[in-house]
Structures are given as C-alpha cells and as structure tokens.
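>>> Predicted structure and sequence below. I'll ask about it afterward.
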There are 2 protein chains.
Amino acid sequence: MSDLPKKIIINEEGPREGFQIESAEIPTRDKIELINMLSETGVKHIQVVSFVNPKLVPGMADAEAVVAGIKMKPGVDYTGLWLNQRGFERALACGRLHMEGALTLYSSTSFLKKNQNRTPQQQLDAQHDLIRLYQKNKVAVKRGFISTAFGCNFEGDIEPLHVVDLVSQLLEIAEEHDEKIARMGLGDTMAWATPESIKRVVGAVREKHPDLPLLLHLHDTRGMGIANAYAGLEMGVDAYDACVAGLGGCPFAGHKGASGNVCTEDLVFMCDEMGIETGIDLGRMIECATFAEQVVKHPLPGSVMCGGSLNKFRSTALTVN
Amino acid sequence: MSDLPKKIIINEEGPREGFQIESAEIPTRDKIELINMLSETGVKHIQVVSFVNPKLVPGMADAEAVVAGIKMKPGVDYTGLWLNQRGFERALACGRLHMEGALTLYSSTSFLKKNQNRTPQQQLDAQHDLIRLYQKNKVAVKRGFISTAFGCNFEGDIEPLHVVDLVSQLLEIAEEHDEKIARMGLGDTMAWATPESIKRVVGAVREKHPDLPLLLHLHDTRGMGIANAYAGLEMGVDAYDACVAGLGGCPFAGHKGASGNVCTEDLVFMCDEMGIETGIDLGRMIECATFAEQVVKHPLPGSVMCGGSLNKFRSTALTVN
C-alpha cells in the first residue's frame, strides 16, 4: 500500500539513554547483563555507554567497567557516545568499541549556546577539529547528526530549509577532509515532531540530497514516537535509534517530562506486523524490556512489554470465520 | 501534504472506559467533577457511564448518581453505554442523557460467543430487536459499530472483507426498519491494529461505502494508538473515541496489559500541531488529565500531560535563527 522499506536498521540506545538518567545506584553487573541479553536479540548496533563527566552524569561513571564486562557477540557493533576530545579518547582507550566518527550540528542556536556554549561558527570549526582528531586516530567519519531538527524548547519551531542547509554544510565539511558521511541522523531532541513535520523535514532533505541515507532519532516525550517512526517509514527512512522498554523515559513524578527514544520492542512490533524486517526477535526483546524494568526498579513506558505480541494469540486462535 | 481532514470529532470516553476498570472506591463526586471539567474543554461528546451489572462492574454501580450529579453544559452530548435492554432502560430512565441508538456486530465469532454467548445469527436477530426497542422509545438509530475489526485474541487476524460484509449487514438491518446509520465505528477492541491494517480495513470499507462517515475506536495496549489515529487521519477518517490521560489503561503491574483508548490530549496535541481542528482546548484537557490522575491515585499513560504542550515554549522562544 505505502512505499515502506522492506527492512530497517535499529540502533539500540537503551543502555546509554537509560542509565544516563537513572540513579547511579544501579550495579554495573546489571548494566552488563542487559547489554548481553540485548546482544542475543538479533540487534546489530548497541550504544552501550556515554563518556561524559561523571560529576555531571553519575550514572555513567562506570562506563569503562561496563564496556570491559560485556560478552561481545560477533557481528554486533557496540558503540559509545562522546561530546568532546576527552570522551573520544576514553572510548578509544577501551579498545573494545566499534569506533565511528560522528559529526553534529544544531538547528537551534539557543540550545547550542546552552548545551555547548558555542556559536554556530564555533560548532562548525569544532567539526573540522573533530575530523582531524578522528583521522589522527584512524577512525573514519561515518555518521552526521542534526540536533533539534524539528523544534526546540529554547528556540521554537525550526524551518525545514534551515535543516537542509545544516545537512549540506556537514556533508561539505566531511568532503573537505576526504571523508564521506554514510548516514545522516535527524534528531527530534526535544520531542517537537509530529508525523507531518517528519514528512516535511525528511522531504526537504531528500529533495536536496536524494541518495543520502537518513536515520531518525525520535524522543517520545509527547507520545508521538511510534507515529513519527511510521511517518519516517512512509518516507522510506530505514534507520532508527530506539530504546528497549522506552528506557530513558519514566512516567513518574520525579522524572515527569523526561523521556527516552521511541521504544524498541514497540517499533519492532509495528514493523513485524507491517512486514518490515528488523532482524530482531520480538520475544527476546520483550524479555530484555522486562529485565530492564527489574534493573531500574520502576515501571518503564514500553507498551508491547505489557500488552504482549500477537504471535501467542495467533498460534492458539481458531480458524478465522 | 497528506489529504488530512480539516477538523475532527473527538468522543471523550475517559469516564466510562476509566472508572469501569478502576477501583470501586472512587467517590462519585470525583467522577462528576472530572466530567464537569471535561465539559469546559470544548469537547462536544462525553460518554460518562455504562449501565452494566454492578456485581460484575462495581466501578459503575453509581452510574445513575453520576448522571444525576453532572452540571450539564449546553451543546455537550452526554451519553451512556448499554449492552442490553436492561441497560438501555436504565440510561433512558436517567432522563438527562443524549440517547442515540447504537447497533453492534462482532468480527470475531469466538469473542461474540465468549462475550455475549451468541452466534452471529443471534447477534443479527438481536439488532432487529434493539431497533424495535429504540423505535418504541422514540430513540433514533445513529451509530453502528463493528467490534474486533482488526484482529481478536480468540480468533486471530480478521479479513478486511469480512468487516466490509458486517458493515453492509448493519446498514441493511437499519434500512429494513427505515433507520439510517449516520456513522460507523470500527473498533480495535483488542489492540491488533497497526497503521497499515487501519489503512487496509478503512480502505476496504470505503471502497464499498464511499460516503459512510467512519469513526475509529483504538485501544492503545500495544502502543500503536496515536500512530493508528494518524493512519486514520491520512485516510480522511474524521471521528475518534479517546480517553483523557489514557484512562482505562495503566502501566502498573496490577493492571498490566489493560489499556484504554488512545489518549485524548495526545491526540489533540497531534491534531493541533498538524493544523487539524478538534474544538478542544489542549491546556484545559491537560488539566483534566492531571485531575484524572489524582482521582485514580496512580500514574496514567498519557504523554503530553507530562511533556507539556509546545505553546508555552513557543511564547518564550527567541526568533528562529
């Protein structure tokens, strides 16, 4: 009916998004166990930790220990997130991570100032420096990312053509250094997107760069995550960040308003039911979600982990009418 | 971009769906207060109670008292749900409800047997009896409803053409009695639908009955509610049942797997942001959602009630780039 992709790539970010905002009391061995379970679901990309200041993000103070403890499954890329040279060097020093050079621009000047204390020009300069750092360490540039591509709490609505400009700038920066961005992520960092704005922004980027593979990073703060992913699928986008159980989000007062990426098993469920391959075993991903809830010791926002898949019902159901 | 409707009708079912499954300890005055608050949001249709056996559904034992206590706002239709003659007569006896004759067929023979202990033929016969009862009491037939139209836990997948047949049968039954069904509801009673199956079933019904107004009743058990509503909007469907705060659903262990309709304020948020009129004030609906959570004394699954609308951010945001 629609022009949906036949298969998609899911980048599991639950451990990184989740443990970053959860209590620092979670034992390192539980984080490792969740990552090991995720490795058995069929997912091929897991972002396991971020290398950030442990004083600011105490839940990531054990990043190196988590990476050291993973039982690495061949064929699975384990990645880390860094925001600066120090973080990159810590990731590299682990010696076990799949290192992909990433570049980032911000659609929102206000958020860039607030988050990185940089002007847009300084952020562009920093990307050149990052590429030099990657090249010095023989890490290829792979992924570009446009943050706050759909709107920003500090800046309001974002013009799709502004996002297109940033995509073009990032591609050019990489080219200047003989690097090629293989996939461009568009981040709904503050959950401003709706299915229609997903289509507008993706459509605008496509028009200028028709062959550039895209990825959507969709926060679910306003409950639009799955609908936005569906809009992305309708536009042919074949890569998504997602978090098992909706880790990173929490329906509780203490965390109200916080929210992780679109929930992995809910996304896998939708894809399974619509005939789109993810390579992920839904039953095993639901087991991971249940375990994630035990680890964080409070309910997580995933739905299919509660509602269950349809397969068990299908197998016991009578013949249809 | 898409062929979305300019405006939609939202039928608020939170009080009925919600208090039906919540503890019977909720004070009648709190239910009334929530309904009074909902009346001030701009919503024009509120299903306030169901008239069912109080032994089976203790949360609805105070249905008459709730109806008697509402401060009725002119222009708002307050409705009740009934499943049999006894329920209809109780609703009528209230003397304050907007009475609309409704007819229902089940796509799932197994669920019909389980829920009503009837065969498909007996269900057809019962619809004739219902119309006679409505006519005797001068209540016009208005709404048809096809239950389990997208799949059933007891029967598995449902053929779209079977749903089309049932729609045709229900229209014919009404016509035989000189009644006309003004709107046909398609119920995803057990949350089997995905955006693509919404499009398949709606498309199949449309092909046979292009001028029949449709309504979608979408349970959110597997997190597809908003995405399914978006698919409905893409198909031009302009009426939806919805529950404030996602009442009827609960992410807690004690209720796991249970889930109400798609969340009203999340649906209103999506429509507002996509330029589709609902007539509902999002801020007021969020206040109702917050109050609903206080009433049931546990978190409810709505997202926008936590994440907030974008308007406050827009009003403080700097000029865009």
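Received, thanks.
>>> What distance separates the opening and closing residues of stretch A:145-152?
15 Å (C-alpha to C-alpha, to the nearest Å).
>>> So for that stretch, mean pLDDT?
Averaged across stretch A:145-152, the pLDDT comes to 96.
>>> And for stretch A:211-220?
Over the span of stretch A:211-220, the pLDDT mean works out to 96.
>>> quick one: the strands in the stretch 151-300 of chain A?
Counting by DSSP state E, counting those that start in this stretch, the stretch 151-300 of chain A has strands at residues A:183-188, A:214-218, A:239-242.
>>> closest one to residue B:245 among those?
With distances scored as C-beta to C-beta, the stretch of the strands of the stretch 151-300 of chain A nearest to residue B:245 is strand A:214-218 (22.4 Å). C-beta coordinates here come from the backbone N, C-alpha and C atoms, glycine included.
>>> in chain A, which residue is closest to the centre?
Residue closest to the average C-alpha location in chain A (C-alpha atoms, centre = their mean): residue A:241, at 3.1 Å.
>>> Buried deepest among the strands of the stretch 151-300 of chain A, which one?
Greatest average neighbour count among the strands of the stretch 151-300 of chain A goes to strand A:239-242 (a mean of 26), per mean count of other C-beta atoms under 10 Å in any protein chain shown.
>>> Which residue, neighbours along the chain excluded, lies closest to the residue nearest to the centre of chain A?
residue A:217 (4.4 Å; C-beta to C-beta, 6 or more residues apart in numbering or on different chains).
>>> Give me the neighbour count for the residue of the stretch 51-200 of chain A found nearest chain B.
Per C-beta to the nearest C-beta, residue A:156 is where the stretch 51-200 of chain A lies closest to chain B, at 3.2 Å. Per other C-beta atoms under 10 Å in any protein chain shown, the neighbour tally for residue A:156 reads 20.
>>> so it touches residue B:312, yeah?
No. Residue A:156 lies out of contact with residue B:312 (C-beta atoms under 8 Å); the separation is 10.9 Å.
>>> before we move on, back to that, who's in contact with the residue nearest to residue A:241?
A:145, A:185-189, A:240-241, A:261 (C-beta atoms under 8 Å, 6 or more residues apart in numbering or on different chains).
>>> and the residue nearest to residue A:313 when sequence neighbours are not counted, how far is that from residue B:185?
Leaving aside its sequence neighbours, residue A:313 sits nearest to residue B:153 (C-beta to C-beta, 6+ apart; 4.6 Å). Per C-beta to C-beta, to the nearest Å, residue B:153 is found 20 Å from residue B:185.
>>> Could you do residue A:106 as well?
45 Å.
>>> So which bits of stretch A:3-17 are buried?
Neighbour-count burial for stretch A:3-17, counted by 16 or more other C-beta atoms under 10 Å in any protein chain shown, picks out A:4-5, A:8-17.
>>> Out of those, flag the one nearest to residue A:46.
Distances from residue A:46 to the buried residues of stretch A:3-17, taken by C-beta to C-beta, are shortest for residue A:12, at 4.7 Å.
>>> List phi and psi for the closest residue to residue A:114 other than its chain neighbours.
Excluding the flanking residues, the one nearest residue A:114 by C-beta to C-beta, 6+ apart is residue A:154, at 6.2 Å. Residue A:154 adopts backbone torsions of phi -100, psi -10, taken as degrees, to the nearest 10.
>>> Tell me, how many residues neighbour residue A:154?
18.
>>> Isn't it up against residue A:112?
No. Counting by C-beta under 8 Å, residue A:154 does not reach residue A:112; the two are 9.5 Å apart.
>>> Show me where chain A has its helices.
Remark: helices assigned in chain A by DSSP state H are A:14-21, A:28-39, A:63-69, A:85-94, A:109-116, A:120-136, A:160-176, A:195-208, A:225-234, A:264-273, A:282-296, A:304-307, A:311-316.
>>> Quick one: residues in contact with the last one.
So the one you mean is helix A:311-316. A:282-283, B:152-154, B:156-157.
>>> same question, the shortest one
By C-beta under 8 Å, 6+ apart, the list of residues contacting helix A:304-307 from outside reads A:245, A:263, A:265-266, A:268-269, A:282, A:286, A:289-290, A:293, B:191, B:221-223, B:251, B:256-257, B:259.
>>> Just the buried residues from the residues you listed, in ChimeraX please.
In ChimeraX, this line selects whichever of these come out buried by 16+ other C-beta under 10 Å:
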select /A:245,263,265,266,268,269,282,286,289,290,293 /B:191,221,222,223,251,259
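>>> Relative to the whole chain's centre, how far out is stretch A:25-39?
With C-alpha atoms, centre = their mean, to the nearest Å as the basis, stretch A:25-39 stands 18 Å off its chain's centre.
>>> For it, could you pull out the residues that count as buried?
A:26, A:28, A:30-35, A:37-39.
>>> Mind picking the lowest-pLDDT entry from these?
Confidence-wise, residue A:26 trails the rest of the buried residues of stretch A:25-39, at 92.
>>> Give the residue spans of the stretch 201-321 of chain A that score low on pLDDT.
Within the stretch 201-321 of chain A, the ranges that satisfy pLDDT under 70 run A:249-258, A:317-321.
>>> hmm, 90 instead?
A:248-261, A:298-301, A:306-308, A:311-321 (pLDDT under 90).
>>> do the stretch 1-150 of chain A as well
In the stretch 1-150 of chain A (pLDDT under 90), the answer is A:1-3, A:18-25, A:56-57, A:83-84, A:114-116.
>>> which residues are there in the stretch 51-200 of chain A that come within reach of chain B?
Remark: the part of the stretch 51-200 of chain A in contact with chain B comprises A:107, A:109-110, A:151-159, A:162, A:191-192, A:194-197, A:199-200, using C-beta under 8 Å from any C-beta of the partner chain.
>>> what about burial for those, which qualify?
Buried among those (16+ other C-beta under 10 Å): A:107, A:109-110, A:151-158, A:162, A:191-192, A:194-197, A:199-200.
>>> Let me see the contact set for the residue nearest to residue A:137 when sequence neighbours are not counted.
Computed as C-beta to C-beta, 6+ apart, the closest residue to residue A:137 that is not its neighbour in sequence is residue A:92, at 6.0 Å. Neighbour list for residue A:92: A:99, A:137, A:139 [criterion: C-beta under 8 Å, 6+ apart].
>>> Against residue B:291, how distant is the nearest residue to residue A:100 once chain neighbours are set aside?
Nearest residue to residue A:100 in three dimensions, chain neighbours excluded: residue A:142, at 4.0 Å (C-beta to C-beta, 6+ apart). For residue A:142, the distance to residue B:291 equals 49 Å [C-beta to C-beta].
>>> Likewise for residue A:119?
44 Å.
>>> So those two - more neighbours on which side?
The neighbour comparison of residue A:119 against residue B:291 (other C-beta under 10 Å) goes to residue B:291, with 17 against 12.
>>> residue contacts, the more buried one?
Counted by C-beta under 8 Å, 6+ apart, residue B:291 has contacts B:33-34, B:37.
>>> hang on, isn't the residue nearest to residue A:313 packed against residue B:189?
No. Residue B:153 is beyond contact range of residue B:189, at 9.2 Å (criterion: C-beta under 8 Å).
>>> shared neighbours of the two, which are they?
residue B:111.
>>> Tell me, how many residues neighbour residue A:95?
9.
>>> do residue A:287 as well
Residue A:287: 17 neighbours (other C-beta under 10 Å).
>>> No further queries at this time; thank you.
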